[in-house]
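Enquirer: What follows is a predicted structure for the sequence shown.
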Amino acid sequence: MSDNGGRRRAPQRYAQDPRVVLTLDAGGTNLVFCAVQGEREIVAPVTLSSRADTIDEFVQLLITGFRRVHEQVLGRADAGVATPAGAAPMAISFAFPGPADYGHGIIGDLVNLPAFRGGVPLGPALEDAFGVPVFISNDGDLFALGESIAGFLPYVNGLLEQAGSPRRYHNLLGVTFGTGFGAGIVSEGRLLEGDNSAAAEINRLRNRVVPAWTVEESVSIRGVRRVYARESGVEMSACPTPEEIYEIGRGRREGDRRAAERAFEELAIVAGDALAGTSSLVDGLVVIGGGLARGHSLFMARLVREMNAAYDTALGGRLPRFESRAYDLEDAADQAAFVRGDVRELPVPRSSRTVLYDAAKAVGVGVTVLGTGRAVSVGAYTLALARIDGG
């Protein structure tokens, strides 16, 4: 009989694939275009302002950006760098904010991009312009997919393999802490997208600290700045950036250190509560990305402690938040305990054989291995080629 999970589906890898996919990181301020081959960005990114007054202007911006990237790919071919025949891209694949019907390439009303109103078939428009399939997804989804393929999930499984553990992980919850609170779920190599293109939209869970708010009010750049301003008594207009607040919290910059620590502590409490509930459904690893992930030394221990918090029972007892225990894989002692597990050698009844069994139920929590941007890029590339190949 195979070991734990030995018969499960493994994430598809395209690390040696010669096909080229054009990608885009779309934000409210800038559009960053690139080209990916073999899970690697192969040209210098092209950045354009996302400012556009009409949808026609915005689509033209996209066409311009993708054409400039394609010209760079053609230049590599002219220089003798190996690319597919004619260096023609096989697909366009990118992250774009919702609401959306990602399966059909339709983008709904967007706050940061006012040209989108009433629903815009963006995917079909780009397919008409370039004559290749176009795949659009959520950045949280693509982040999770990239980390499951070439980042956090294989990294953790590698640690377990080196330690001789029978345990392997096949499920991943990827979350991003940044302008907002995004997420994606990968289960046994497949991205969970949902029937409404809204799977893993955990940003609207209830806020642990202020129940009338969503979690995103605290797990976001604006949340960190708001708490610092409140605790330090400064106006929001004079509030430092999250990077500066982190430096203050580490004692590397002048400012209110207690307020900085409190800002990241509140993020940790709210995020940890949300991740405890979500992890009960996913039952896999948790990887954190986004701009605020750089401040993990100020919030990770508190976040994991919140995930492991207990409930009171009606009879006066205590009940763990969820069946598994969360471990901070950025902490050496926690990582060692996670890898060690509770491995036992069990005799098979009526046989001379024994099998290894890890009795511990463990959820490892850590920060991005690839970096958020690269994880999204790998996710976009893999999603496109897997769809083209019938996956």
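Expert: Ah, there it is.
Enquirer: Spell out which residues make up each domain of this structure.
Expert: Per the record, the chain has its domains at 20-137, 152-369, by automatic domain parsing.
Enquirer: tell me how far the last one is from the chain's mean position?
Expert: Put plainly, it is domain 152-369. Relative to the chain's own centre, domain 152-369 is displaced by 12 Å; criterion: CA atoms, centre = their mean, to the nearest Å.
Enquirer: go on, the shortest one?
Expert: Computed by CA atoms, centre = their mean, the chain-centroid distance of domain 20-137 equals 20 Å.
Enquirer: gap between the two ends of that domain?
Expert: 18 Å (CA to CA, to the nearest Å).
Enquirer: Repeat that for stretch 342-359.
Expert: 5 Å.
Enquirer: in it, what's buried?
Expert: Neighbour-count burial for stretch 342-359, with 16 or more other CB atoms under 10 Å as criterion, is recorded at residue 358. Quick note: C-beta positions are derived from backbone N, CA and C, even for glycine.
Enquirer: pLDDT (mean, whole number) over it?
Expert: Stretch 342-359 comes out with an average pLDDT of 93.
Enquirer: So residue 55 is in contact with residue 120, correct?
Expert: Yes: here residue 55 reaches residue 120: they are 5.6 Å apart, a contact under CB atoms under 8 Å.
Enquirer: what's in contact with stretch 42-56?
Expert: 20, 26-36, 58, 61, 64-65, 68-69, 72-73, 76, 113, 115-116, 120 (CB atoms under 8 Å, 6 or more residues apart in numbering).
Enquirer: continuing past the particular helix or strand that has residue 66 in it, what's the next helix or strand?
Expert: Assigned by DSSP states H and E, residue 66 belongs to helix 55-78. Next along the chain after helix 55-78, taking DSSP H and E as the criterion, comes strand 91-95.
Enquirer: And the average pLDDT for that next one is what?
Expert: pLDDT averaged over strand 91-95 gives 95.
Enquirer: any residues touching it, and which ones?
Expert: So strand 91-95 is in contact with 21-26, 66, 126, 130, 132-139, 141-142, 376, 380-381, 383-385, 387-388, going by CB under 8 Å, 6+ apart.
Enquirer: strand partners of the strand or helix carrying residue 319, parallel vs antiparallel please.
Expert: According to DSSP H and E, residue 319 maps onto strand 318-320. In the sheet, strand 318-320 lines up against strand 310-312 (antiparallel) (DSSP bridges).
Enquirer: Go ahead and flag the most central residue of the chain.
Expert: residue 143 (3.4 Å; CA atoms, centre = their mean).
Enquirer: Taking their axis directions, the helix or strand harbouring that one and strand 91-95 sit at what angle?
Expert: When elements are assigned from DSSP H and E, residue 143 belongs to helix 139-150. Put simply, helix 139-150 runs at 110 degrees to strand 91-95, going by axes from the mean of the first three to the mean of the last three CA atoms, to 10 degrees.
Enquirer: Run the chain-centre distance for helix 139-150.
Expert: That offset, for helix 139-150, works out to 5 Å (CA atoms, centre = their mean).
Enquirer: Give me the helices and strands touching that helix, please.
Expert: strand 91-95, strand 171-177, strand 181-187, strand 190-191, strand 285-289, helix 372-388 (3 or more CB pairs under 8 Å, 6 or more residues apart in numbering; DSSP states H and E).
Enquirer: what ranges of this structure fall below the confidence cut-off?
Expert: Applying pLDDT under 70 to the chain picks out residues 1-11, 28, 76-87, 391.
Enquirer: From residue 90, how far out is residue 73?
Expert: To residue 90, residue 73 is 11 Å away according to CB to CB, to the nearest Å.
Enquirer: got any residues that touch both of these two?
Expert: Contacts common to residue 73 and residue 90, judged by CB under 8 Å, 6+ apart, are residue 20.
Enquirer: ok, residue 163 - how many residues close by?
Expert: 14 (other CB atoms under 10 Å).
Enquirer: Surely it touches residue 338?
Expert: No: Residue 163 is beyond contact range of residue 338, at 9.8 Å (criterion: CB under 8 Å).
Enquirer: Spit out the contact partners of the nearest residue to residue 108 once chain neighbours are set aside.
Expert: Nearest non-adjacent residue to residue 108, counting by CB to CB, 6 or more residues apart in numbering: residue 99, 3.9 Å away. Contacts for residue 99 (CB under 8 Å, 6+ apart) come out as 107-110, 197-198.
Enquirer: top of those by neighbour count?
Expert: Busiest of the contacts of residue 99 [other CB under 10 Å] is residue 107, holding 23 neighbours.
Enquirer: same for the biggest helix by length in the chain, what does it pack against?
Expert: If each helix of the chain is counted by residues according to DSSP state H, the longest one is helix 257-282. Judged by 3+ CB pairs under 8 Å, 6+ apart, helix 257-282 is in contact with strand 171-177, strand 181-187, helix 221-232, helix 242-249, helix 296-307.
Enquirer: Dump those into TSV; add distance to residue 364 and mean neighbour count as well.
Expert: Output for these, formatted as TSV (distance: least, CB to CB, whole Å; neighbours: other CB atoms under 10 Å):
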stretch	distance to residue 364	mean neighbour count
strand 171-177	10	27
strand 181-187	15	26
helix 221-232	25	20
helix 242-249	23	22
helix 296-307	10	22
